[in-house]
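dropping a prediction and its sequence here:
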Amino acid sequence: MKPSLFALLTALRVHSFRPPMPIRESSTMLGAKKSIQFITNKKCPFAQKAWVALETSGCEYEMKEISLYGSGGKPQWFWQLNPRGTVPVLSINDGAEVYADSEDILDVVQSGMLESEGLLSTGDEVRESVVEWRRQITERLIPVGRSAVLGGSLPNLRSLLREFDAKIKGPYLTGGEFTSADAAMFPFIWRIDKEFTVGQDGEEKIKS
């Protein structure tokens, strides 16, 4: 299968919906074990990209899901961790370190500081490409996709998807290894696919 958005989406679905990886012993876990808590809401795409990255890393963590809305509101302990009130939040060692932005969490997971093997660690040969893909997803795909879903310009989305389609190395964004860029991409391209059909069956829609 040639590199394309359809092939990427297929690979990301297989990767992201596989069973959770078993916890492995590492130097971090055998020594001073870090307590890692991931506070999230499973419906939030920004939280989902961090969740995919955490699962891929294989690190041991506790997930705590909170409601984004409702009569009870968000718990007070959560506001103390993140005064902005947004998810996801990664708390290490009972709040000694707090990361309250999905991009920051991707950086932490990619660095390998949560798990010695650092399964999302990026080699020099693709590091710049990963950074650029993540920038393109944040600055272009997310706002253009949101606009199209809310009734904005579908031609702008088609044009952007054609551009992305031509840049994919395959099977993942930067080649044969899953990176933080793929974790960042998946929740948003999956939603665009559900709305407009990205792939073989909807190829004419994208490229028209």
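Received the coordinates, thanks.

average model confidence for the helix or strand hosting residue 12?
With elements delineated by DSSP states H and E, residue 12 resides in helix 5-16, which encompasses its position. Confidence over helix 5-16, taken as the mean pLDDT, stands at 82.

buried residues of that helix, list them for me.
5, 6, 7, 8, 9, 11, 12, 15, 16 (16 or more other CB atoms under 10 Å). C-betas here are computed from N, CA, C, even on glycine.

list the helices and strands that helix packs on?
Using 3 or more CB pairs under 8 Å, 6 or more residues apart in numbering; DSSP states H and E as the contact definition, the elements that helix 5-16 packs against are helix 45-57, helix 154-167, helix 180-196.

apart from its chain neighbours, what residue comes closest to residue 102?
Counting by CB to CB, 6 or more residues apart in numbering, residue 102 lies nearest to residue 46, which is 4.2 Å off, once chain neighbours are set aside.

out of the helices and strands packed on helix 5-16, nearest to residue 105?
If you check each of those against residue 105 by CB to CB, helix 45-57 wins as the nearest, at 4.2 Å.

could I get the helix or strand that comes right after the closest one in CSV with only the CA atoms?
Counting by DSSP H and E, the next helix or strand C-terminal to helix 45-57 is strand 62-65. Output in CSV follows, covering the C-alpha atoms of strand 62-65 (Å, rounded to 0.1, in the frame of the first residue of the first chain):
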residue,chain,number,x,y,z
GLU,A,62,-2.9,5.6,36.8
MET,A,63,-5.8,7.1,34.8
LYS,A,64,-8.3,9.3,36.5
GLU,A,65,-11.2,10.5,34.3
